[in-house]
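**Q** could you look at this predicted model? Sequence included:
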Amino acid sequence: MKEIFFRRASAATAALTAGVFCCLMWASPCFSSAEADSDGRVFLWSVAGEKGTLYLLGSVHVLRPDAYPLDGRIDRAYEACTRVVFEADGTEAAGDEIQRALRECGVYADDATLKDRISGDTYRLLEGSARTAGIDPARLQRMKPWLCAVTLSGVELGRLGFRPELGIDAHYAARTEKDGKERIFLESARFQVDLLAGMPEERQEELLRQALRELEVIGEKSDALMKAWNSGDADALEAIVNISLDEHPQIKKALFTDRNIRWASRLEKLLDSEGDTLVIVGAGHLVGKDGILSLLRQKGYRPVQH
């Protein structure tokens with residue numbers, strides 16, 4: 001069981017489990033992009049540069065099989081592009097180096113236990129979520145709070161039938177490899193591990209609480225989330241994502257705001273490259289006043305939604 005936990009944690013970390021696992025890892029079987037109104041919008045924007053166009057696709061990192069096929073506008077944007085930008089390399093995240101990093105950075109080396117290091121209130125919330133996911137809380141005791149958050153989310157999503165290999169990122173990563181398109185990664189999987197593992201212990205507990213709250217939102221809002229994504233409703237999606245994140249502004253800053261600022265600067269430079277570029281990041285990174293779309297607007301660009 002422990003090996004399964006680490007494998008699922010690695011897969012979740014590949015997406016930085018966007019937010020933590022950020023609301024955008026889920027999809028309801030009731031809403032497929034193929035069912036969207038062809039006259040409506042999708043979660044895709046374009047920014048025109050002097051030498052090419054930058055397409056920005058908000059991703060859902062974990063999906064069920066019946067979410068495909070995707071809307072034709074998304075596929076056409078992919079086909080028009082010579083390069084594709086991802087948050088991180090999923091192959092790296094599944095590799096031995098990241099597995100070792102998870103063990104070295106995410107497991108207590110002394111006699112400490114998770115129960116000893118977090119508040120009683122947080123631990124009670126954790127026990128309830130773990131049992132819902134079919135996990136004996138005792139199996140999580142050696143994990144530090146950040147790895148427990150990633151692991152529990154990955155196992156629960158798997159129990160509900162959501163598969164990371166069906167996420168939009170993974171779907172287009174496989175296609176780029178087959179089609180020979182250039183791939184660019186905004187950060188490394190090791191950076192993502194270090195970002196979570198490097199948080200102070202009290203911030204790690206906050207991360208865990210945010211993840212537990214997010215798991216509650218999955219049951220309450222997953223249908224509404226995917227409906228917002230399929231219809232390209234950025235305001236509605238932002239409101240749902242912020243249900244858990246607004247309670248934890250420091251986590252939101254570390255996982256979203258700071259990374260968005262770095263990414264927007266890199267993406268702006270790609271507008272000087274010849275040819276079109278498709279950028280695939282978690283949909284939560286595009287929306288809001290600190291989202292990539294807003295940051296590009298502040299730099300004078302005018303994203304157009306498709």
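**A** Yep, that arrived. Just so you know, these numbers come straight off a predicted model, no measurement behind them. Numbers count the residues shown, from 1 in each chain.
**Q** list the contacts for the residue nearest to Ala234 when sequence neighbours are not counted?
**A** If the residues on either side of it in the chain are set aside, Ala234 comes closest to Val287, at 4.6 Å by C-beta to C-beta, 6 or more residues apart in numbering. C-beta: built from backbone N, CA, C; applies to glycine. By C-beta atoms under 8 Å, 6 or more residues apart in numbering, the contact list for Val287 reads 58, 234-235, 237-238, 241, 293.
**Q** pLDDT weak spots in the protein?
**A** 1-39, 219 (pLDDT under 70).
**Q** which stretches in it count as strands?
**A** Ranges of strands in the chain, per DSSP state E, are 44-48, 53-59, 83-86, 182-185, 277-282, 304-305.
**Q** out of the contacts of Val287, which comes closest to Glu206?
**A** Val241 (17.0 Å; C-beta to C-beta).
**Q** picking up where we left off before, what about the residue nearest to Ala234, distance to Gly58?
**A** The spacing between Val287 and Gly58, counted by C-beta to C-beta, to the nearest Å, is 8 Å.
**Q** go on, Arg262?
**A** Taking C-beta to C-beta, one finds Arg262 at 18 Å from Gly58.
**Q** of these two, which one has the most company?
**A** Between Arg262 and Gly58, counted using other C-beta atoms under 10 Å, the more crowded position is Gly58 (26 against 11).
**Q** ranges for the helices of the stretch 151-300 of the chain?
**A** Using DSSP state H, counting those that start in this stretch, the helices of the stretch 151-300 of the chain run over 168-179, 189-197, 201-230, 234-245, 249-252, 258-270, 292-298.
**Q** in JSON lines, list these along with distance to Glu156.
**A** Below are the helices of the stretch 151-300 of the chain laid out as JSON lines (distance: least, C-beta to C-beta, whole Å):
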{"stretch": "helix 168-179", "distance to Glu156": "19"}
{"stretch": "helix 189-197", "distance to Glu156": "18"}
{"stretch": "helix 201-230", "distance to Glu156": "6"}
{"stretch": "helix 234-245", "distance to Glu156": "14"}
{"stretch": "helix 249-252", "distance to Glu156": "19"}
{"stretch": "helix 258-270", "distance to Glu156": "24"}
{"stretch": "helix 292-298", "distance to Glu156": "28"}
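**Q** wait, which of those helices is closest to Thr53?
**A** Between the helices of the stretch 151-300 of the chain, helix 258-270 lies closest to Thr53; by C-beta to C-beta that is 10.3 Å.
**Q** and the contacts of that closest one?
**A** Residues from elsewhere that reach helix 258-270 (C-beta under 8 Å, 6+ apart): 49, 54, 56, 83, 85, 184, 186-187, 277, 279, 281, 285, 290-292, 295-296, 299, 301.
**Q** between the helices of the stretch 151-300 of the chain, which gets nearest to Met143?
**A** helix 201-230 (9.9 Å).
**Q** and the closest one, what does it pack onto?
**A** Packing partners of helix 201-230 (3 or more C-beta pairs under 8 Å, 6 or more residues apart in numbering; DSSP states H and E): helix 120-132, helix 145-159, helix 234-245, helix 249-252.
**Q** buried ones in the last one?
**A** Using 16 or more other C-beta atoms under 10 Å as the burial criterion, the residues of helix 249-252 that qualify are 251-252.
**Q** could you do stretch 147-157 as well?
**A** Buried, per 16+ other C-beta under 10 Å, within stretch 147-157: 147-157.
**Q** once you drop chain neighbours, what's closest to Lys115?
**A** Nearest to Lys115 is Tyr123, by C-beta to C-beta, 6+ apart, at 5.4 Å.
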